[in-house]
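[1] heads up, no residue letters with this:
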């Protein structure tokens with residue numbers, strides 16, 4: 001009985017760790033470039049040159065046209081567009097629960 005409980009707990013912990021790693025797969029595949037930002041977020045640059053911003057919690061957030069963002073290595077990038085709906089759809093892909 002203890003072995004069974006241990007196996008269930010281990011499976012639950014592993015699924016909690018592994019599942020978030022797939023959250024941005026569609027977004028990463030659709031992006032031409034991705035930049036890790038100093039604040040923990042990620043800037044996505046799509047093939048058409050438009051940009052979208054994901055915060056450190058994995059949510060697509062509003063981005064002002066021309067907003068300056070700093071990458072973890074200190075590079076400054078200027079936003080071009082605000083593809084929040086596009087990114088939100090990509091981040092949610094595969095998470096419909098159905």
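    On my side now, so go ahead. Given the structure is predicted, the values throughout are model-derived calculations rather than measurements.

[2] helices along this protein, start to end?
    Assigned by DSSP state H, the helices in the chain fall at 2-18, 25-30, 84-92.

[3] what residues are up against residue 83?
    44, 46, 50-52, 63 (C-beta atoms under 8 Å, 6 or more residues apart in numbering). Any C-beta I mention is one placed from the backbone N, CA and C, and that applies to glycine too.

[4] tell me the two of those residues that are most distant?
    For the contacts of residue 83, the farthest-apart pair by C-beta to C-beta is 46 and 63; their separation is 12.5 Å.

[5] next, show the common contact partners of the two.
    Common neighbours of residue 46 and residue 63 (C-beta under 8 Å, 6+ apart) are 52, 83.

[6] compare the helices of the chain and say which comes out lowest on pLDDT.
    Lowest mean pLDDT within those: helix 2-18, a mean of 57.

[7] ignoring the adjacent residues along the chain, who's closest to residue 30?
    Excluding the flanking residues, the one nearest residue 30 by C-beta to C-beta, 6 or more residues apart in numbering is residue 90, at 5.6 Å.

[8] tally of neighbours for the one you found?
    Other residues within reach of residue 90, judged by other C-beta atoms under 10 Å, total 24.

[9] surely it meets residue 27?
    Yes. Assessed by C-beta atoms under 8 Å, residue 90 is found in contact with residue 27 at 3.9 Å.

[10] if we can go back for a sec, closest one of the contacts of residue 83 to residue 78?
    residue 51 (8.8 Å).

[11] look at the closest one and report its pLDDT.
    95.

[12] quickly list what it is bridged to.
    Residues in a beta bridge with residue 51, per DSSP bridges, are residue 45.

[13] so who does it touch?
    Counting by C-beta under 8 Å, 6+ apart, residue 51 touches 43-45, 63, 79-83.

[14] top of those by number of neighbours, please.
    Within those, most neighbours by other C-beta under 10 Å means residue 44, with 24 neighbours.

[15] the residue nearest to that one when sequence neighbours are not counted: neighbour count?
    Of all residues not flanking residue 44 in the chain, residue 31 sits nearest, at 4.2 Å (C-beta to C-beta, 6+ apart). Counted with other C-beta under 10 Å, residues neighbouring residue 31 total 20.
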